[in-house]
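*Asks:* Sequence and predicted model, in that order:
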Amino acid sequence: MALKIPTTQELKDLFLTNYENSLNQSVPLIPRAFLRVCAAIDALLGTSLFRFAAERVLQNLALTATDEDLDRIGENYGVYRRPANAANLEIEADADPSAYLPSTVDWVGDANNERYKADASVSEAGGVVTLDITARTTGPAGNLEVSDTLTIGTQTPGISTVGTVTAVNELGVEKESDESYRRRILTEIRTVGGGGNSADYRTWAEQTTGVENAFPYAGKPRQYTVTGSDIFFSSADNSINSTTTDFTDAEFAVGHAVNVQGSASNDGIYAINSVAANKMTLAATIANEGAGPTVVCDNESLPGDRTVFVEAVSSIDPDGIAPPALLASVRDNINTNPDTGRTRPPLGETDETLFVESIERTTFYFEVRDLVVDPAIQTQVESDIETALDEYAREMRPFITGLDFESDKNNTITDLTVSSVVQDIIEPVGGSAGTVGFGLVVGIFIPSYVLKQGEMAKSGGVIFV
């Protein structure tokens, strides 16, 4: 039963009755009667205590706790809030022979006007100085991209005044929000990790600063396919060959498995020993076969292949697209425990079979026909509908069977739920609409769409007809 906090008047009446019963006399009706004043003061204090107790109850639950109280719950389960992080960049500047750049010299980003301090003093080598610098303030404001420039803060003999970003070592991000942290705590409470299962891979990835969500799957991120009638086979070196196809473009690699279909005598799955532009050698004996039939070569998943799709926090990218520096950090965090330096994955799972990729954000277009509202508020209502539909689309996320909870399943966009979102906006203002639909192409409706692996959604806009 939910706690009902009594009103101040209810408590005042209760305390006044208690006073009368204890003293065995009635209290005068005048407002400033002594016991009536005491009852009013007690009621105000009582209401505050009730509210404090109710707030304390909420702060003891991972579902409702906030700020420091949520931190304590997370720490109880070994889940720690990701702190704010300052951007760390590698930069390069031209330098005269034997020039020396002390660590006390700051740099200023030309694109963001942020100040950076050098991690260490450096000397000229090969006509340049190469150094790592860290933003003096935490958060995304200090982020720069490769090829961005910085200006030296203090002129130094023999050192160019301009430096160029050559690598992004770490991204600057804000402190993890309550909602993101809460979700990780609930995942730790509700799931059973161990043995390098999917729960472990999600936990390891989401511990990385800058990650909003991680979606781990077994297998490769996608099936790479090569199809052609110019593919032929050689028994001399057990190779698959093509006169036009570049197998490296199709992302075949040593250790992968290729599934051959459509050949006369070489159909099957083979391990790849080497890959060149027009040739793959296999770890198996194959028969000579000339080109002619249409042959399909698929890059098959092998046991141990794992893929983790990463969504970046919105301060890094509004669509959650993870940049290479963040993907590299996730890979490092999955492979090695940063606190102990020990390898995390179980025996047999290696970095060669780990694929870390960014999520993709698919654009959906919405259409609302025959919208009828008060003309004085129509512009605001249309804006509210656009905002609500984009929020609805962005809340969708892939569902991983065996890891995610059925009650949290939210991976299917339907015309019914889209209509419900619109209805929630127009109903309170007495409005109405005819047809409400959505699709991947403007004007072409589809009844439903299920998000695929590593796929998330956003609105491409709303058309009002």
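*Replies:* Good, I have the coordinates.

*Asks:* rest of the way, CA atoms for contacts and neighbours
*Replies:* Will do.

*Asks:* contacting residues around the residue nearest the centre of the chain?
*Replies:* The centroid of the chain falls nearest to E311 when counting by CA atoms, centre = their mean (2.4 Å). Taking CA atoms under 8 Å, 6 or more residues apart in numbering, we find E311 in contact with V211, E212, N213, A214, G320, I321, A322, S358, I359.

*Asks:* now the strands for the stretch 1-150 of the chain?
*Replies:* Under the criterion DSSP state E, counting those that start in this stretch, the stretch 1-150 of the chain contains strands at 88-94, 100-101, 106-109, 115-118, 122-123, 128-135, 149-152.

*Asks:* Serialize the ones you listed to CSV and add fields for mean pLDDT, mean neighbour count and distance to S234.
*Replies:* Below are the strands of the stretch 1-150 of the chain laid out as CSV (pLDDT from 0 to 100; neighbours: other CA atoms under 10 Å; distance: least, CA to CA, whole Å):
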stretch, mean pLDDT, mean neighbour count, distance to S234
strand 88-94, 96, 22, 47
strand 100-101, 96, 20, 59
strand 106-109, 96, 22, 57
strand 115-118, 96, 22, 57
strand 122-123, 96, 17, 55
strand 128-135, 96, 23, 49
strand 149-152, 96, 22, 52
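
*Asks:* picking up where we left off before, quick one: what helix or strand has the residue nearest to the centre of the chain in it?
*Replies:* strand 306-312 (DSSP states H and E).

*Asks:* now the helices for the stretch 51-200 of the chain?
*Replies:* Here the stretch 51-200 of the chain has its helices, by DSSP state H, counting those that start in this stretch, at 67-76, 178-190, 198-206.

*Asks:* Can you say which of these is packed in most?
*Replies:* helix 198-206 (a mean of 23; mean count of other CA atoms under 10 Å).

*Asks:* how big is the angle separating it from helix 178-190?
*Replies:* 150 degrees (axes from the mean of the first three to the mean of the last three CA atoms, to 10 degrees).

*Asks:* which helices and strands sit right next to the helix or strand immediately after helix 198-206 in the chain?
*Replies:* Downstream of helix 198-206, the first helix or strand assigned by DSSP H and E is strand 211-218. When contacts are defined as 3 or more CA pairs under 8 Å, 6 or more residues apart in numbering; DSSP states H and E, strand 211-218 packs onto helix 198-206, strand 306-312.

*Asks:* got the buried residues for the next helix-or-strand element following strand 211-218?
*Replies:* The helix or strand immediately downstream of strand 211-218 is strand 225-228, counting by DSSP H and E. Residues of strand 225-228 classed as buried by neighbour count (16 or more other CA atoms under 10 Å): T225, V226, G228.

*Asks:* Among the strands of the stretch 1-150 of the chain, which comes closest to Q378?
*Replies:* strand 106-109 (44.1 Å; CA to CA).

*Asks:* Make JSON lines from the strands of the stretch 1-150 of the chain and add distance to F232 to it.
*Replies:* Formatted as JSON lines, the strands of the stretch 1-150 of the chain follow (distance: least, CA to CA, whole Å):
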{"stretch": "strand 88-94", "distance to F232": "47"}
{"stretch": "strand 100-101", "distance to F232": "59"}
{"stretch": "strand 106-109", "distance to F232": "55"}
{"stretch": "strand 115-118", "distance to F232": "56"}
{"stretch": "strand 122-123", "distance to F232": "55"}
{"stretch": "strand 128-135", "distance to F232": "49"}
{"stretch": "strand 149-152", "distance to F232": "50"}
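
*Asks:* Of the ones you listed, which is nearest A277?
*Replies:* strand 88-94 (33.3 Å).

*Asks:* how about stretch 452-465 as CSV, C-alpha atoms only?
*Replies:* Once non-C-alpha atoms are left out, stretch 452-465 reads as follows in CSV (Å, rounded to 0.1, in the frame of the first residue of the first chain):
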residue,chain,number,x,y,z
LYS,A,452,18.3,-4.6,-35.9
GLN,A,453,21.6,-5.2,-34.1
GLY,A,454,23.4,-2.0,-33.2
GLU,A,455,20.6,0.1,-34.8
MET,A,456,18.9,3.0,-33.1
ALA,A,457,16.4,5.6,-34.3
LYS,A,458,15.7,9.3,-34.7
SER,A,459,13.1,11.5,-36.4
GLY,A,460,13.9,13.0,-39.7
GLY,A,461,11.0,15.4,-39.4
VAL,A,462,7.2,15.6,-39.4
ILE,A,463,5.1,16.5,-42.4
PHE,A,464,1.7,18.0,-41.7
VAL,A,465,-0.7,17.5,-44.5
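
*Asks:* circling back to that earlier point, for the helices of the stretch 51-200 of the chain, which one sits closest to D390?
*Replies:* helix 178-190 (18.9 Å).

*Asks:* ok, so of the contacts of E311, who is nearest T379?
*Replies:* Nearest to T379 among the contacts of E311, with distances taken as CA to CA, is G320, at 29.2 Å.
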